Structures are given as structure tokens and as C-alpha cells.
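Peer 1: pasted the sequence and its predicted model underneath.
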Amino acid sequence: MLTSNVTEHVPAGYATVTPWIGGPDTGALMDFLTEAFEAQELARIVNADGSIGHAEARIGDSVVMAFDSRPGWPVTPSMIRLFVADADAVYERALTAGAISVTAVTELFFGDRVGRVRDPFGNIWWIQAHVKDIPAEQFPAAASDPGAIEAMTYLQTSLDAELRGRSR
């Protein structure tokens, strides 16, 4: 069972799920994470050939691991949800750090403000702030509001366009 005795099998400072990003320039990725998301670099292990074999950065209470992909490997961008206190400010900071907008920050019916960016390495970050609690029993009514439908449609179509290469 995954929920019992989590602390027995997860090292201190890590979570049950830890994203691992492989890409062509982990050093630049670590710089982006620091600038955009105020990450704290924890480790960087350089291979004999100069590539990065392992790197780690802490963002909030989570660790993101990364490494340089090998020549000939396919591009495998990640999609990561990042909860923050102020989605608008972090979204703008990510754009300043070199990300491109996928979805402008939008308030959704379930109480979150969500914006998405693609970092310079192809990873898509859901920048999300929980701004109000909506009781679960109110979800059906809230989700059927025309404004909620419009916001969700925007989020779905903007991501679809980005992933199909139609946004630029």
C-alpha cells in the first residue's frame, strides 16, 4: 500500500513522487529553475565528458531531478504542476526567465488560478495557486457556469494548440 509508512521508504526532504527531467542542457535548466521558480540547487554531478549525469533542485517543498540526455535519445518534455502562493507573479517571472506563455493565468471554477508556460527546454509548467475552497458538492453547478466552461475551454485549447505546434 502506497499510503502507509511513507517515511520508511522516502528519504528525508523528498516526496513520494519526484519528477526527473532529461534534456540537452541541464545546467541551463537549473539556471532557469533558479530564476523562474526560486529553486535552490542541491546537487550537480558532472560526468567525465562534461555532461551532467545528475542534478537536483528544491522548489518549495519538492525536489526536481535532472540529467543531460544522451545523443540520439528522443526529446521527452515533462509536464509539471507547480503550486505557488501567487500564480500571476511566478508566471511573469517564468516569462522573464525565458519561458513562453501557453495559457495566461486564468481563474477556474474549483478555486485555483492557473497559468502555463513552456520553458526553454520544452517542459510545460502548470503554475497554480489555490485561492479559495469550493465544496465538492458545489463543483457540478460551478463547472456548468458559462464563465467556467469558457475558462476550461481556453485552458484545453491553448494546451492542445501548443502541443500541436499551432500556437506560434
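Peer 2: Ah, there it is.

Peer 1: Arg93: which element?
Peer 2: Under the criterion of DSSP states H and E, Arg93 resides in helix 87-96.

Peer 1: can you give me the strands in the protein?
Peer 2: 20-23, 40-46, 52-59, 62-68, 79-83, 100-107, 112-118, 124-130 (DSSP state E).

Peer 1: out of the ones you listed, the one nearest Val90 is which?
Peer 2: Evaluated with Cβ to Cβ, those place strand 124-130 nearest to Val90, the distance being 5.1 Å. Using the backbone N, CA and C atoms, a C-beta is placed for each residue, glycine as well.

Peer 1: what residues of that closest one count as buried?
Peer 2: Buried positions in strand 124-130, judged by neighbour count with 16 or more other Cβ atoms under 10 Å: Ile124, Trp125, Trp126, Ile127, Gln128, Ala129.

Peer 1: what's the angle from the helix holding Arg93 to strand 100-107?
Peer 2: Interaxial angle of helix 87-96 relative to strand 100-107 (axes from the mean of the first three to the mean of the last three Cα atoms, to 10 degrees): 170 degrees.

Peer 1: pLDDT below threshold where in this protein?
Peer 2: Within the chain, the ranges that satisfy pLDDT under 70 run 1-7, 167-168.

Peer 1: now with 50, please.
Peer 2: 1-2, 168 (pLDDT under 50).

Peer 1: fine by me, thanks again.
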